[in-house]
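[1] Fold the stuff below for me.
(one chain, ligands or ions: 2)
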Amino acid sequence: MPIDTWFPLAVYYEDLPDATAHKKQLMDAALQLEKDGYERRAFPEMAWTGDLHGAERIHTDPRFTWIVGQVESHVQGYLKGLGLDLNQIALYIQRAWPVISRYQQEVGSHCHNTSHISAVYYVSVPNSGSDEAGSLVFFDDMRPNEVSPGLGSENTNIIVEWNALNQDQAMYVPVEGRLILFPSKQRHGVTMNHTEGERISLSFDIVLAAKPGSAAGSYEFLLPPPEQWQRFGGRS
Ligand SMILES: O=C(O)CCC(=O)C(=O)O
Ligand SMILES: [Fe+2]
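    Ligands and ions are numbered 1, 2, ... in the order given. Have a look, this model is predicted:
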């Protein structure tokens, strides 16, 4: 009795070979940004995230040059894998920030609504390769096989066997030196850090735009090149 499966979510990951050589500099820079950060704005049970604390431009900070280069090259590989013609697309890092999760902190479930591709890089992970410091969890909001909506929700015991056909989450344990790429619209979160150590990651939001001179039709589906935009009041 064959059952086919279709429409996979594409999550890319790669262990960066030079990670160890760059660990200290990235760690120090992330922790310094946290120190410099504005007054704490998140609840204590939530990890410190640079995007909420005025530290969301690490892509322009020279201390992060190496990882920015890595993100750029791996995102291109990811997009090629998705079948895109990179000659027609201009890629931008829109914002990028450190995330520091300490004992009993987590990152609630969210999507990155203002970008297209998101990247996470693990700088420093206590018990790397285990879920103890907090896993990245992707949630499936499409639920194509939930034939009666809500079947698998809390307070029901109708699903007696969780398997690949009804799973509603996919977990990635954090691995030091690993880069993960995924569609920004995929809802995700980070489970609790149960260790006494700091779990330090970097997040990047990437936007696809049409290259100037692309066929006019592509502007229907890709952002027109930002250099062609005009801000209100910007007429010269
Ligand atoms: O650290 C992670 O695993 C993911 C962090 C994240 O989702 C974010 O910063 O938006
Ligand atoms: Fe995120």
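[2] all contacts plus neighbour counts: C-alpha atoms, from now on.
    Will do.
[3] Would you mind listing the residues in contact with the residue lying closest to residue 188 once chain neighbours are set aside?
    In space, and not counting its chain neighbours, residue 188 is closest to residue 138: 4.3 Å by C-alpha to C-alpha, 6 or more residues apart in numbering. For residue 138, the contacting residues are 169-171, 186-189, by C-alpha atoms under 8 Å, 6 or more residues apart in numbering.
[4] Could you export those to JSON lines, including columns for distance to residue 235?
    Converted to JSON lines, those look like this (distance: C-alpha to C-alpha, whole Å):
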{"residue": "169", "distance to residue 235": "49"}
{"residue": "170", "distance to residue 235": "49"}
{"residue": "171", "distance to residue 235": "49"}
{"residue": "186", "distance to residue 235": "38"}
{"residue": "187", "distance to residue 235": "39"}
{"residue": "188", "distance to residue 235": "41"}
{"residue": "189", "distance to residue 235": "43"}
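[5] Would you check which of the residues you listed are in contact with ligand 1?
    Among those, the residues that sit close to ligand 1 (C-alpha under 6 Å from any ligand atom) are residue 189.
[6] for the contacts of residue 138, which one is nearest ligand 1?
    Distance to ligand 1 across these (C-alpha to the nearest ligand atom) is lowest for residue 189, with 5.5 Å.
[7] tell me which element that closest one is part of?
    Assigned by DSSP states H and E, residue 189 belongs to strand 188-190.
[8] Residue 128 now?
    Using DSSP H and E, residue 128 is not contained in any helix or strand.
[9] Report how many residues lie close to the residue nearest to it when sequence neighbours are not counted.
    Closest residue in space to residue 128, ignoring its immediate chain neighbours: residue 175 at 4.9 Å, by C-alpha to C-alpha, 6+ apart. Other residues within reach of residue 175, judged by other C-alpha atoms under 10 Å, total 21.
[10] Got the phi and psi for residue 175?
    Main-chain torsions, residue 175, degrees, to the nearest 10: phi -130, psi 120.
[11] Need the per-residue pLDDT for it.
    In this prediction, residue 175 carries a pLDDT score of 98.
[12] so how far is residue 129 from the closest residue to ligand 1 within the chain?
    Ligand 1 sits closest to residue 136 of the chain, with a gap of 4.5 Å, by C-alpha to the nearest ligand atom. Residue 136 is 12 Å from residue 129, where distance means C-alpha to C-alpha, to the nearest Å.
[13] Okay, buried residues for stretch 81-89 please.
    Under the neighbour-count criterion of 16 or more other C-alpha atoms under 10 Å, stretch 81-89 has 88-89 buried.
[14] Restrict it to CA atoms and write it as PDB.
    Listed next in PDB are the C-alpha coordinates belonging to stretch 81-89 (Å, rounded to 0.1, in the frame of the first residue of the first chain):
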ATOM      1  CA  GLY A  81      18.700  24.300  -5.000                       C
ATOM      2  CA  LEU A  82      15.200  25.700  -5.100                       C
ATOM      3  CA  GLY A  83      15.500  26.100  -8.800                       C
ATOM      4  CA  LEU A  84      15.800  29.900  -9.000                       C
ATOM      5  CA  ASP A  85      17.800  31.900 -11.600                       C
ATOM      6  CA  LEU A  86      20.100  34.000  -9.600                       C
ATOM      7  CA  ASN A  87      20.900  36.200 -12.600                       C
ATOM      8  CA  GLN A  88      17.500  37.800 -12.300                       C
ATOM      9  CA  ILE A  89      17.500  38.400  -8.500                       C
END
